[in-house]
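Undergrad: Sequence and predicted structure, then a few things I'm wondering about:
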Amino acid sequence: MTDTVATAFSGRSVLVTGHTGFKGAWLALWLHKLGARVTGYALPPETSPALFEVARVEELLVRHVVGDIRDRSAVATAVRKADPDIVLHLAARTVVREGYCRPAEHFSVNVDGTTSVLDAVRTLERPCAVVVVTSDKCYLNDEVGRPFTENDPLGGHDPYSASKAAQELVTQSYRLSFFDPSAQAAAGLPVARLASGRAGNVIGGGDWTLDGLVADLARARARREATVLRSPAAVRPWQHVLEPLSGYLTLAARLADPDGSAVGSAYNFGPDLTDDATVEQLVSRLLAAWGPMPDGSVASGWRSEPAAHPAHEAGVLRLAIDRARAELGWQPRWRLEETLQRTARWYRAVESDIAAAREECLADIRAYPL
């Protein structure tokens, strides 16, 4: 992140959807530190504990709105009241296996929810920059291991992945139809700009997401049990949660800049390819970094146990980040080992004192190179 990006949010009104989730809570904390006036719109946290609650994020918000992202009237009201300079749309269904159980809800939230936000923004009579956060799973994955670029075909074997591909198509359609800077300027309309961010798998302190890998480790550790891994050989583009968030902030700042019309439609945010790792490698290294329990006892490890009726999940997924490097000047800052050490340190601190959650997040934010 450049110095320009680090100062781009000071005093600006920023609307974050999904701010009660793992990534959204971290983002709200960071935006507050950058001087933004943050409004959040989301359902209540789905887990207990939840980072949003233990880090006391609500205290830092200008407005905390509880609502369903598909409620078009409520979303429109929240957008009007926030009067945002920037919108970061993170509200979504995010769990692959849950998508098999509740496919209609995944399509409804991820697609209809996005149209609710974009329709509300396009009725504003003021400039606005919008970043729609999708996923690295939006690509048609042939599993040959080649890193996906932003120009690769969209697709998705499972409902979650397909819903994120559909979300990308919606975003692209709104960009071309309603957020074209040249057409807006010619019509004498305020210039609103829109792009999407596609992130790899994130880890970091405060993740208690249902079915999340680090969250599963934390829960198993608390029970003094071994973590069950379904697919230890699966390869993912692991990164600290601050990495893609810095990408979204960089992208939003560029869209909000006077030269924002030169920004592309979609960007991948992931780690350096040398930091890709299997589930087994990640878990083994993270448990080693985590160390013993607060009482000095040895924490349990992991065991492999394939699901009795396995649903399809991609065996390998990699992202190419060349466009973000070249066009946004963005690049990952922390190698995988530092990501693992910081994640382990966060959980160790909070195991001893859960009230330390906010300060532990802010410590990582302060340490992240701008």
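TA: Ah, there it is.

Undergrad: Can you show me the helices along the stretch 51-200 of the chain?
TA: All helices of the stretch 51-200 of the chain, identified by DSSP state H, counting those that start in this stretch, fall at 51-54, 72-82, 96-101, 103-107, 113-122, 159-178, 181-186.

Undergrad: ok, and what's touching the fifth one?
TA: Counting by Cβ atoms under 8 Å, 6 or more residues apart in numbering, the neighbours of helix 113-122 from elsewhere in the structure are 17, 69-72, 75-76, 78-80, 84, 87, 89, 91-92, 128, 130, 132, 167, 170-171, 174, 178-179, 192, 194. Glycine gets a C-beta too; all of them are placed from N, C-alpha and C.

Undergrad: Just the buried subset of those residues, written out for PyMOL, thanks.
TA: A single PyMOL command suffices to select whichever of the contacts of helix 113-122 are buried according to 16 or more other Cβ atoms under 10 Å:
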select buried, resi 17+69+70+72+75+76+78+79+84+87+89+91+92+128+130+132+167+170+171+174+178+179+192+194
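
Undergrad: and residue 330, what does it touch?
TA: Residue 330 makes contact with 1, 246-247, 250-251, 267, 269, 321, 324, according to Cβ under 8 Å, 6+ apart.

Undergrad: May I have the secondary structure class of it?
TA: coil (DSSP: H, G, I helix; E, B strand; the rest coil).

Undergrad: From residue 269, how far out is it?
TA: 7 Å (Cβ to Cβ, to the nearest Å).

Undergrad: Could you give the number of residues near the closest residue to residue 169 other than its chain neighbours?
TA: What sits nearest to residue 169 in space, not counting adjacent residues and going by Cβ to Cβ, 6 or more residues apart in numbering, is residue 154, at 6.7 Å. Counted with other Cβ atoms under 10 Å, residues neighbouring residue 154 total 19.

Undergrad: wait, what's in contact with residue 154?
TA: Counting by Cβ under 8 Å, 6+ apart, residue 154 touches 138-140, 165, 168-169.

Undergrad: And the pLDDT at residue 56?
TA: Looking at residue 56, its pLDDT stands at 98.

Undergrad: pretty sure it contacts residue 359?
TA: No - contact criterion Cβ atoms under 8 Å: residue 56 and residue 359 do not qualify, at 10.5 Å.

Undergrad: which residues are common contacts for these two?
TA: Common neighbours of residue 56 and residue 359, counting by Cβ under 8 Å, 6+ apart, are absent.

Undergrad: re earlier: where does confidence bottom out across the contacts of residue 330?
TA: Within those, pLDDT is lowest for residue 1, at 54.

Undergrad: Tell me where the model's unsure across this structure.
TA: 1-3, 308-309 (pLDDT under 70).
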